[in-house]
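Visitor: Need the 3D shape of this:
(2 chains)
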Amino acid sequence: MTKGRVPHIALRLGLAAWIFAGLGLWLAQFRLLIASLLGLG
Amino acid sequence: MTAFLTIAALSLACIGFGVAALAPFGLLTHRSTGERIALGFGTGLGLLGWLLFFPGIAGWMNSYPVMGLGLAGILLGGLAWHRLDPPPPADPPEFSRYTPLLLAALAVVLFQDVLEAMAPPADADSLHYHFALPKKFVVEGIVSFVPRAITGAIPLLLHMTYSAAYALGGEGALTGWTMTTGWMAGWIFFVFARRHLSRDWSLAAALVFLTTPAMLYGAGTGQVEARIAMFVMISAFSAAEAIRTGSGAEAALAGATAGFYAAAKYMGLLFCAVAGLSMLVARNRIKCATLFFVAMLLAGGQWYLWNWLHTGDPTFPVLFTALNLPDSDIWTRSFDAWYRSQYISSENPVPHTIWSFLTFPFFALIGYPPQIEAGRSGYGPLPLLLLPFMVAGLWQIRKRLFGSPLAIAGLIALTFCVLWFWSGSTQRVRHILPGYPVALLCLLVLAQRWAARKGVLSLVALSLGLTIPIQMGAQVLQTWNYLPQAFGLESREAFLGRNANFHPAARWINENLSRTDKVLTSANELIYQIDVPVYHAHPVIQALVDLSPGNTDPALFLRQLRRLSITHIVLTGNVASDGSVLPEGRANTLGRFVDALLKGGCLELAKLQPMQQYASRTLSAAGLRTPQNVQGAVYRLRENTCTL
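Guide: Numbering: from 1, shown residues only, chains lettered A, B, ... in the order given. Next up, the predicted model:
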């Protein structure tokens, strides 16, 4: 791997992790609604 | 057809007034056609509301002055537009492979807005006052003072434009007008976004804005925040231009639109303070600050003068105690204490501490605490997803931050939000929606620039790609409720019956009472629905009928009813099958008084009715929540047998 490639991949992975974690955290406030929509609640 | 023509005429009148006001000061020179329409509409909307105040209070709130003003706006605008220099050549319409997708998504969003606008109003606050007041003003032909805190004696600039729509085109024009003005907020946002972003990014940003939960919640209803967002965008960007260039015209425009915000909502005073103070760092600060202040006062002062003339308090009832005003029929010292104890605590669940202040934005994004309603009427997931991009972007441009008009506008919006937190205003986050588009644009531009430089732009696109479908999904869930009405499968009455709280009571009253009767109710949602004269006896925000716990005298209650010429009272629940008030109903003051008046022979049962209360219209329509069935009643006052 070229120099700088590893930090770049780490940056991408870190940001992607933040995006999905953030989305999960945001969606968690609607968990009851989502469960109802999916027929689980 | 009438509704459509009304909306078209009012839209053209707004653009006309705005263009006629801005063009002579060179504020539309070198602007594209889209910007001219956007700036014209936003400014003209405020001007139309401002102008309508005068015929309104003079007793000419009917279709003729509205038509006259509309024609004047169109004519003046046409003349001013004709004299404008040709706009600079537009960018060639380059379509990327994403453009059709974004345009299709936008069409879906706008189509759903149309479906919502085709239904009768059912939003609780609109039924309570946003639409109820314009209806009252038009039916009575005059803008009268409404002695009620928070929802009556308030700045009503935008409600004047609602009145215009109602006077010309009735209910259909009213809902259509809120749809149109909500769209125009999106258009203005797009136009400002285009100054900093490409067409595709701007389209995506507009999609995010138009589908933001707070916009889905309020833009199609009478809630004023979505429309005020136009004033804030124009004011913040004009203030930024005034600061950078020292332009007096830009300062005056910033002041006028900040004034329009104050004329549409008390919270606008906070924005006026922030935007006004920003003039102190402008080039030509004396000239800019003076012009800002004069324009702000002219644009925003009328409703404060109106309230002061009627109550002695320009911001009724905020300064009642501070101004040491004497007790009157409409407000007393003891009632003020009761009002403060109820309102302040219920609207401020988060303590005013440094820790709460620092953590509030984060918790608000994930919907905590529930009282601030940051979920279904908040700002969606995007700000949270782009947080690290924004922080990194800020760091990247830290040394040249304040050279950018966007950064200055963003700082004004941010300071407004900070002041809002500490002001003790309601902490429901949807109330700061006016500042959101400026903040959203800053967020997107910072994130996009930094990500492009670091080669992670696809992750910003991913954030938008996740946010837009989720928010559009929420809109589909909301629109589901309007489909039967929009496609003619359901009558107006049937729609209201399954959406508006306590509708059977309104229906019976409209069918059986006349304009010589007068109904008293504590139910907010009934005010718009009832077509005969109605008095809203809210227990906390009005004192003409004192329903505070301190009042235990049914005879005083009866005197207050007689003074207001009340003929009927509605109870929306806790009524037994013989019409008597159940013990649970006697827990509140109105129920207790009705019980006493029934026992004293001063009231008789006119109609006993089952009715429904909806915690959520959207969830009820989707079958996810069951409405609460209650038994209510309409009572008739009896004079002959009354022993009180």
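
Visitor: List the residues that contact the nearest residue to B:S235 once chain neighbours are set aside.
Guide: Of all residues not flanking B:S235 in the chain, B:T257 sits nearest, at 3.9 Å (Cβ to Cβ, 6 or more residues apart in numbering or on different chains). All C-beta spots, glycine's among them, are computed from the backbone N, C-alpha and C. B:T257 makes contact with B:G42, B:T43, B:G46, B:F231, B:V232, B:I234, B:S235, B:S238, B:A299, according to Cβ atoms under 8 Å, 6 or more residues apart in numbering or on different chains.

Visitor: Sticking with B:T257, tell me its helix or strand.
Guide: Secondary structure from DSSP states H and E places B:T257 in helix B:248-264.

Visitor: Next, see if stretch B:430-444 gets close to chain A.
Guide: No. In terms of Cβ under 8 Å from any Cβ of the partner chain, no part of stretch B:430-444 sits within range of chain A; the closest distance is 13.4 Å.

Visitor: distance between the ends of that stretch?
Guide: 20 Å (Cα to Cα, to the nearest Å).

Visitor: Point out the residues in the stretch 501-644 of chain B that sit beside chain A.
Guide: So far as Cβ under 8 Å from any Cβ goes, the stretch 501-644 of chain B lies against chain A at B:L619, B:A622, B:L624.

Visitor: ok, back up a step: how far is the helix holding B:T257 from where the chain is centred?
Guide: With Cα atoms, centre = their mean, to the nearest Å as the basis, helix B:248-264 stands 18 Å off its chain's centre.

Visitor: Not counting its neighbours along the chain, what's nearest the residue in the stretch 1-150 of chain B positioned nearest to chain A?
Guide: Relative to chain A, the nearest point of the stretch 1-150 of chain B is B:Q112 (17.7 Å; Cβ to the nearest Cβ). In this structure, B:Q112 finds its nearest non-sequential neighbour in B:T479, 4.3 Å apart by Cβ to Cβ, 6+ apart.

Visitor: contacting residues for that neighbour?
Guide: Each residue near B:T479 by Cβ under 8 Å, 6+ apart is listed here: B:Q112, B:L115, B:E116.

Visitor: Return the helix or strand hosting the last one as PDB; C-alpha atoms alone will do.
Guide: When secondary structure is defined by DSSP H and E, B:E116 falls within helix B:99-117. What follows is helix B:99-117 as a C-alpha-only set of coordinates in PDB (Å, rounded to 0.1, in the frame of the first residue of the first chain):
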ATOM      1  CA  THR B  99     -30.400  15.100 -11.800                       C
ATOM      2  CA  PRO B 100     -33.400  13.200 -13.100                       C
ATOM      3  CA  LEU B 101     -33.500  11.100  -9.900                       C
ATOM      4  CA  LEU B 102     -33.400  14.200  -7.700                       C
ATOM      5  CA  LEU B 103     -36.100  16.000  -9.900                       C
ATOM      6  CA  ALA B 104     -38.300  12.900  -9.700                       C
ATOM      7  CA  ALA B 105     -37.900  12.800  -5.900                       C
ATOM      8  CA  LEU B 106     -38.800  16.400  -5.700                       C
ATOM      9  CA  ALA B 107     -41.900  15.900  -7.900                       C
ATOM     10  CA  VAL B 108     -43.000  13.100  -5.500                       C
ATOM     11  CA  VAL B 109     -42.500  15.400  -2.500                       C
ATOM     12  CA  LEU B 110     -44.400  18.300  -4.100                       C
ATOM     13  CA  PHE B 111     -47.200  16.000  -5.300                       C
ATOM     14  CA  GLN B 112     -47.700  14.800  -1.700                       C
ATOM     15  CA  ASP B 113     -47.900  18.400  -0.600                       C
ATOM     16  CA  VAL B 114     -50.700  18.900  -3.100                       C
ATOM     17  CA  LEU B 115     -52.600  16.000  -1.700                       C
ATOM     18  CA  GLU B 116     -52.200  17.500   1.800                       C
ATOM     19  CA  ALA B 117     -53.400  20.800   0.600                       C
END
